[in-house]
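*Asks:* what follows is a predicted structure for the sequence shown.
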Amino acid sequence: MSIFMLLAPLSVMIALVGLGAFWWTLRSGQYDDPMGDASRILIEDPLDRPEGREA
């Protein structure tokens with residue numbers, strides 16, 4: 001029973017830290033443009049190519 005008294009508050013604290021981290025990423029704009037980030041990888045940028053290679 002004593003291990004339960006240790007693990008219960010610890011798990012609640014870990015959950016609160018995770019919720020706080022999620023809230024922080026939400027407020028800082030991490031999820032503002034997920035479709036733009038997904039399609040940006042498909043855009044060909046000539047500056048990303050190595051020297052001497054043409055497509």
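*Replies:* Done, it's in. Numbering: from 1, shown residues only.
*Asks:* per-residue pLDDT of residue 45, please?
*Replies:* pLDDT recorded at residue 45 is 72.
*Asks:* what about it, how many residues close to it?
*Replies:* 7 (other Cβ atoms under 10 Å). All C-beta spots, glycine's among them, are computed from the backbone N, C-alpha and C.
*Asks:* can you check residue 16 too?
*Replies:* Neighbours around residue 16, by other Cβ under 10 Å: 10.
*Asks:* confidence-wise, which helix or strand of this protein is lowest on average?
*Replies:* helix 34-40 (a mean of 73; mean pLDDT, DSSP states H and E).
*Asks:* mind listing what's buried along that helix?
*Replies:* By 16 or more other Cβ atoms under 10 Å, helix 34-40 has no buried positions at all.
*Asks:* now it, how far from the centre of its chain.
*Replies:* Relative to its chain's centre, helix 34-40 lies at 14 Å (Cα atoms, centre = their mean, to the nearest Å).
*Asks:* equivalent analysis for stretch 5-25, please.
*Replies:* Worked out by Cα atoms, centre = their mean, stretch 5-25 lies 17 Å from the chain centre.
*Asks:* contacting residues around that stretch?
*Replies:* Stretch 5-25 has contacts (Cβ atoms under 8 Å, 6 or more residues apart in numbering) with residue 31.
*Asks:* chain center to the strand or helix carrying residue 7, what's the gap?
*Replies:* According to DSSP states H and E, residue 7 maps onto helix 2-27. Chain-centre distance of helix 2-27: 18 Å, with Cα atoms, centre = their mean.
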